[in-house]
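Q: Please work out how this folds:
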Amino acid sequence: MWLIAFAVGVIVVNVTAPQTLVGVIAPDLGLPPRWAGLVGTAPLLGYAAGLFFLVPLSDLIENRGLVLALLAAAVASAFAAAVTTAALPFLALLFLLGAACSLIQVLVPIAAAMAREAERGRVVGDVMAGLMVGILLSRPLASLVADALGWRAFYLIAGAAMAGLAPLMLYRLPVRRPQVRLGYRALVASLVTLVRTEPTLRRRALTAALGMAAFTAFWTAVALRLAQEPFGFDHRQIALFALVGASGAVVTPLAGRAGDRGLDRPLLVAAHLAILLGLGLAALAGTLAYGPGLLLLGLGAVLLDIGVFVDQTLGRRAVNLLAAEARGRLNALFVGIFFLGGACGSAVAGLAWAAGGWTLVCAAAAGFGLLAVATGFLRTGFLRQPA
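A: Numbering: from 1, shown residues only. Below is the predicted model of the structure:
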């Protein structure tokens, strides 16, 4: 389980880190400013494509072989990206790298399938801890490597790290042969059926998407706020601030264990309230002097991240208790839906920052949090038996 948790943390870095490296990669490859954002967008689009067109294969073919094949594709794409000098091939390679990194969502159902049902929340929480630490550390690590060795070194190191996972995966992962007898086209088409027929999936994916929207809105704009007075942070200091949020990942194994003990519903409500409290502290921090402002901003970031991580961990646990024969597709749908929420939050953050600065960004993010609270109460009911 710890190998899988470590692996997903290493792999997800390739999806989220390029957003931090846009400023150095785009000029080096001759990308004009209006197209520079494609450096961060390409791996995310590839990851989304992989979720919907590659991850369903985990319900069709043997999983360990699929993991190794996608891992090899990710390694090759990372090494090729490190030496490519033209913009268009580089963006295509980032798309392929993101698509191959969707193997993360093949590993999660493998971990869930290895656990007894009574321990599935704990196992999913352990794996989620690795995933969230990887996401949060990706930006500061990428910045530090690029500052010291150049951005191409980041892709060489990332490729080497993933290559080092291959023999471990070959030796330690179990063989998992799915029982589904559908063809590939029918398997992909069944995604729509699963969304329509699984209310737990719809409910948990929606709250996770709203939480992720609040998360990305905050982390998209916080660098802009930290660069202003009274903080005046430079690029490296902003990268180090991102490490603060990583501490929130310690709650994911605890959340999974609490879900196994039947505390799913109250813990979900507490997670949504933590999101709102964190954003309230962050908004207040923007009006204070350097010391207290930085302290409250860091505390707000930790509370926000804890709330989002707990929501996602409980959601994954609930989804992995559904139809075992569709576990790969269910995970793909869950992640794909909250991924769309994250993209929405990032877009809203840009508009809110331009219209009203940091306070409006926090208000918009809190709006997503309020919708998550409303979804939990109005659609599920606080006192009902957890799905």
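
Q: Output the lowest mean pLDDT helix or strand found in the chain.
A: Using mean pLDDT, DSSP states H and E, helix 251-260 stands out as the lowest-scoring helix or strand of the chain, at a mean of 70.

Q: report the angle between the axes of the helix or strand just after it and helix 251-260?
A: From helix 251-260 onward toward the C-terminus, using DSSP states H and E, the following helix or strand is helix 264-285. In terms of direction (axes from the mean of the first three to the mean of the last three C-alpha atoms, to 10 degrees), helix 264-285 departs from helix 251-260 by 150 degrees.

Q: CA atoms only: put helix 264-285 into CSV for me.
A: What follows is helix 264-285, C-alpha atoms only, in CSV (Å, rounded to 0.1, in the frame of the first residue of the first chain):
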residue,chain,number,x,y,z
ASP,A,264,-18.6,9.4,7.2
ARG,A,265,-21.5,11.9,7.3
PRO,A,266,-20.4,14.1,10.3
LEU,A,267,-16.9,14.2,9.1
LEU,A,268,-18.0,15.3,5.6
VAL,A,269,-19.9,18.2,7.1
ALA,A,270,-16.9,19.1,9.2
ALA,A,271,-14.7,19.0,6.1
HIS,A,272,-16.9,21.5,4.3
LEU,A,273,-17.0,23.8,7.4
ALA,A,274,-13.2,23.7,7.5
ILE,A,275,-13.1,24.9,3.9
LEU,A,276,-15.3,27.9,4.8
LEU,A,277,-13.3,28.7,7.9
GLY,A,278,-10.0,28.5,6.1
LEU,A,279,-11.2,30.8,3.4
GLY,A,280,-12.5,33.3,6.0
LEU,A,281,-9.1,33.4,7.7
ALA,A,282,-7.4,33.8,4.3
ALA,A,283,-9.6,36.8,3.4
LEU,A,284,-8.9,38.4,6.8
ALA,A,285,-5.2,37.8,6.4
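
Q: Which positions within it qualify as buried?
A: 264-265, 267-268, 270-272, 274-285 (16 or more other C-beta atoms under 10 Å). Just so you know, the C-beta spots here come from the backbone N, C-alpha and C atoms, and that holds for glycine as well.

Q: counting contacts, what elements does it pack onto?
A: If contacts are counted by 3 or more C-beta pairs under 8 Å, 6 or more residues apart in numbering; DSSP states H and E, helix 264-285 sits against helix 199-226, helix 251-260, helix 290-319, helix 327-375.

Q: Output the contacting helices and strands for the last one.
A: It refers to helix 327-375. Using 3+ C-beta pairs under 8 Å, 6+ apart as the contact criterion, the neighbours of helix 327-375 among helices and strands are helix 38-53, helix 104-114, helix 184-197, helix 199-226, helix 264-285, helix 290-319.

Q: Nearest residue to residue 40 in space, please, no chain neighbours.
A: residue 19 (3.7 Å; C-beta to C-beta, 6 or more residues apart in numbering).

Q: Much appreciated, bye for now.
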